[in-house]
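Participant: Requesting a structural model of the entry that follows:
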Amino acid sequence: MAVGRRGLTEPVDVLVVGAGPTGLAAALQAHGHGATVRVVERRTEVFRPSRAMIMHPRTLECLRPLGVTDALLDRADISPRAEVHLGRRRVSVQLSELALPDTAFPHLTLVRQMDVETVLAQALTHRGVTVERGVELADIATAEGVVRAALRSSSGIEEAPCRFVVGCDGATSTVRSLAGIGWRGASYRQEVVLADVELGGELTPNALHVAAGRTGLLFLFALGEGATWRVLATRPVGGPVENGFGQPGEGVPAAEIQQLLDQSGLGVAVQELRWSAKVPLQHRLAATYRYRHLFLAGDAAHTHSPAGAQGMNTGIQDAINLGWKLAYAAGDVSAYGDLLDSYDQERRPVARRVLAMTHAIFFAEASTHPLPALLRGTLAPLLAPAAPLLLRHEQFLAETIRTLSQLRVNHRSSVLSQDGTPSSGQNLRSGDRLPDATVICDGGAVRLHELTAAPGIHLLLSGDVDLVDSPGPRVHVHRLTGGPGPEVLAVRPDGYIGYRSGPKGAAKLNAWLHLVGAR
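Facilitator: Below you'll find the predicted structure:
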């Protein structure tokens with residue numbers, strides 16, 4: 001049967017391919033900064049089993065200006081407790097109220113990926129953008145600065161013109177393939193097993209359980225979909241993997257789930273298996289995140305093991321970095337090459353570090369090499385008496401979460417990070433993340449991240465500073481008294497300082513605002 005062809009639709013600024021957390025966040029960020037947006041998703045069903053279960057503080061910071069954090073936290077456990085099982089010893093670790101004074105979210109957040117997708121999709125719907133399901137990208141052509149995407153659905157082929165295409169369509173990305181972007185890396189010899197189960201035995205409820213064994217780590221989340229517990233375990237791959245990397249594949253029998261539980265030493269039994277899947281893994285990085293008007297984000301740009309809970313978090317942070325830039329460049333694409341190139345310049349190095357970190361952690365967690373197997377299975381239980389001192393050390397735990405959360409990431413070498421006449425004696429630099437702190441604005445005390453919790457550029461002015469020109473509608477001006485930092489700070493929509501100067505550098509601010517498209 002021949003496939004019909006529909007007419008040309010109205011052009012949009014940004015076409016997002018893929019409605020996972022990354023794609024939805026990219027659409028929200030672009031729309032929030034003035035872009036017209038479409039989101040297409042080849043899956044026809046809304047529900048799919050969640051792979052991600054943890055949201056980091058920095059990700060919540062990035063999403064806060066979009067007005068979705070309250071809804072996310074309502075669905076989450078923001079005061080999680082972990083029980084680490086080392087042989088017969090059990091160490092309890094509180095993962096809230098961490099020693100992170102410079103963020104409004106000093107805790108790990110346990111939340112299912114499906115809940116994240118639901119909240120973000122509802123926010124888009126509230127803004128008049130509906131995810132178009134059962135629609136897949138078939139082809140792309142570019143002419144005279146306009147992308148014409150061919151979208152296939154049950155109705156036929158639709159020609160959809162747009163300024164930009166953002167590929168958030170996973171490790172097997174169609175956008176990446178059509179752009180001819182390289183995909184470098186390799187497959188892992190280990191796979192992840194996921195399962196939703198009811199368990200019998202003595203197990204502290206409503207806690208995250210982590211158990212180490214010679215064959216790998218096993219996690220139990222009290223966040224099952226259709227059952228009390230979600231099992232996440234690693235094991236060697238049983239055979240060759242053709243495709244489907246990162247996606248749940250065929251089911252795993254209850255007997256194999258029980259074997260993984262037995263190896264963990266938790267002493268619990270599978271009473272009922274509601275759902276299971278094995279997930280093949282790889283570690284890969286796209287050769288570039290941009291090809292002309294096509295961009296990659298999330299798993300389409302980088303994929304790695306689940307170690308450190310980096311996948312969903314890194315993807316959302318990609319999206320928040322990219323979305324505002326596409327919106328600000330949409331009116332005159334040719335004039336904002338530096339702005340658009342900065343996405344690859346800023347986020348691809350982050351992905352390289354994430355890949356290195358997750359590779360190292362995953363080797364320790366899951367490798368069957370004699371050394372990590374010995375550490376997990378023999379030495380860890382022997383050193384268990386000292387574990388509470390380390391795992392309950394506030395500063396150690398906080399600095400670990402700071403690193404995993406990407407709170408340390410900066411963009412100091414970015415073309416968008418510029419200085420005017422700098423003030424002396426200040427620790428903040430252009431390209432740094434703006435830390436949360438209490439300041440005085442309009443005669444009252446307020447936290448900086450509350451002050452900047454709205455889309456747009458935020459100018460923080462301290463002292464007697466006069467702007468040369470009106471900053472324009474995309475810029476919010478806040479006058480601080482006694483606030484930290486230099487006299488002029490321009491904060492980007494993703495929370496990084498783009499411009500900093502002393503009082504004599506305000507005139508150069510206008511050039512920076514032109515650079516980022518805020519004029």
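Participant: so who does the closest residue to Gly311 other than its chain neighbours touch?
Facilitator: Excluding its sequence neighbours, the residue lying closest to Gly311 (CB to CB, 6 or more residues apart in numbering) is Ala52, at 5.9 Å. Using the backbone N, CA and C atoms, a C-beta is placed for each residue, glycine as well. Contact analysis of Ala52 by CB atoms under 8 Å, 6 or more residues apart in numbering lists Pro21, Arg112, Gln113, Val116, Pro306, Ala309, Gly311, Met312, Asn313.
Participant: what ranges do the helices span in the stretch 301-450 of the chain?
Facilitator: 311-329, 337-366, 370-374, 380-382, 387-391, 394-404, 448-451 (DSSP state H, counting those that start in this stretch).
Participant: a markdown table please, covering those helices and showing mean neighbour count.
Facilitator: A markdown table is the format used below for those (neighbours: other CB atoms under 10 Å):
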| stretch | mean neighbour count |
| --- | --- |
| helix 311-329 | 27 |
| helix 337-366 | 18 |
| helix 370-374 | 13 |
| helix 380-382 | 15 |
| helix 387-391 | 14 |
| helix 394-404 | 16 |
| helix 448-451 | 20 |
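Participant: In a markdown table, list those along with mean pLDDT.
Facilitator: Shown next, in a markdown table, are these (pLDDT from 0 to 100):
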| stretch | mean pLDDT |
| --- | --- |
| helix 311-329 | 97 |
| helix 337-366 | 88 |
| helix 370-374 | 49 |
| helix 380-382 | 50 |
| helix 387-391 | 51 |
| helix 394-404 | 85 |
| helix 448-451 | 96 |
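Participant: Which of the ones you listed sits closest to Pro106?
Facilitator: For those, the distance to Pro106 is smallest for helix 394-404, at 7.9 Å, taking CB to CB.
Participant: about what we covered before: indicate which one of the helices of the stretch 301-450 of the chain is closest to Ser79.
Facilitator: Between these, helix 394-404 lies closest to Ser79; by CB to CB that is 14.2 Å.
Participant: Now the closest one - C-alpha only, CSV.
Facilitator: Extracted in CSV, the C-alpha atoms of helix 394-404 (Å, rounded to 0.1, in the frame of the first residue of the first chain):
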residue,chain,number,x,y,z
GLU,A,394,29.2,15.1,55.8
GLN,A,395,31.8,16.8,53.7
PHE,A,396,32.9,13.6,51.9
LEU,A,397,29.3,12.8,51.0
ALA,A,398,28.5,16.4,50.0
GLU,A,399,31.6,16.6,47.7
THR,A,400,30.7,13.3,46.1
ILE,A,401,27.2,14.5,45.3
ARG,A,402,28.6,17.9,44.1
THR,A,403,30.8,16.0,41.5
LEU,A,404,28.1,13.6,40.4
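Participant: can you list the residues that contact that helix?
Facilitator: Here helix 394-404 has contacts from 56-57, 93, 95, 98-100, 106, 108, 308-310, 357, 390-391, 408, using CB under 8 Å, 6+ apart.
Participant: measure stretch 210-226 end to end?
Facilitator: This stretch, stretch 210-226, spans 21 Å end to end (CA to CA, to the nearest Å).
Participant: what's the average pLDDT for that stretch?
Facilitator: Rounded to a whole number, the mean pLDDT of stretch 210-226 is 84.
Participant: where are the low-confidence patches of the stretch 101-250 of the chain?
Facilitator: For the stretch 101-250 of the chain, the stretches with pLDDT under 70 are 213-215, 238-248.
Participant: mind listing the helices in it by residue range?
Facilitator: Taking DSSP H, counting those that start in this stretch to define them, one finds helices in the stretch 101-250 of the chain at 113-126, 174-179.
Participant: could the ones you listed be laid out in CSV, adding distance to Val46 and mean neighbour count?
Facilitator: Below are the helices of the stretch 101-250 of the chain laid out as CSV (distance: least, CB to CB, whole Å; neighbours: other CB atoms under 10 Å):
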stretch, distance to Val46, mean neighbour count
helix 113-126, 8, 20
helix 174-179, 21, 21
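Participant: Save those helices as TSV, and put in distance to Ser153 too.
Facilitator: Converted to TSV, the helices of the stretch 101-250 of the chain look like this (distance: least, CB to CB, whole Å):
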stretch	distance to Ser153
helix 113-126	18
helix 174-179	14
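Participant: Figure out which of those helices is closest to Leu232.
Facilitator: Using CB to CB, the nearest of those to Leu232 is helix 113-126, at 12.3 Å.
Participant: just checking, what packs against the closest one?
Facilitator: Where contact means 3 or more CB pairs under 8 Å, 6 or more residues apart in numbering; DSSP states H and E, helix 113-126 is packed against helix 21-32, helix 69-74.
Participant: quick revisit: can you confirm the residue nearest to Gly311 is in a helix?
Facilitator: No. Ala52: not assigned to a helix; according to DSSP: H, G, I helix; E, B strand; the rest coil it is coil.
Participant: State the distance from it to Thr118.
Facilitator: Using CB to CB, to the nearest Å, one obtains 13 Å as the distance from Ala52 to Thr118.
Participant: Same check on Ala518?
Facilitator: Distance from Ala518 to Thr118, by CB to CB: 32 Å.
Participant: now Ala179
Facilitator: 30 Å.
Participant: So what's the residue count around Ala143?
Facilitator: 8 (other CB atoms under 10 Å).
Participant: Dig out what it forms beta bridges with.
Facilitator: Taking DSSP bridges as the rule, Ala143 bridges to Val146.
Participant: So which of the helices of the stretch 101-250 of the chain is nearest Thr481?
Facilitator: That would be helix 113-126 among those, by CB to CB, at 34.4 Å.
Participant: hmm, who's touching the closest one?
Facilitator: 19-21, 24-25, 27-28, 31, 37, 39, 46-53, 55, 66-68, 71-72, 75-76, 130-131, 225, 312.
Participant: Now the buried members of the residues you listed.
Facilitator: 19-21, 24-25, 27-28, 31, 37, 39, 49-53, 55, 66-68, 71-72, 76, 131, 225, 312 (16 or more other CB atoms under 10 Å).
Participant: Among the contacts of Ala52, which one lies nearest to Arg152?
Facilitator: Pro21 (24.0 Å).
Participant: For the closest one, which residues are in contact?
Facilitator: Ala52, Gln113, Val116, Glu117, Leu120, Gly298, Met312, Gly315, Ile316.
Participant: Kindly report the same for Asp77.
Facilitator: Residues counted as contacts of Asp77 (CB under 8 Å, 6+ apart) are Thr109, Leu110, Val111, Asn206, Ala222, Leu223.
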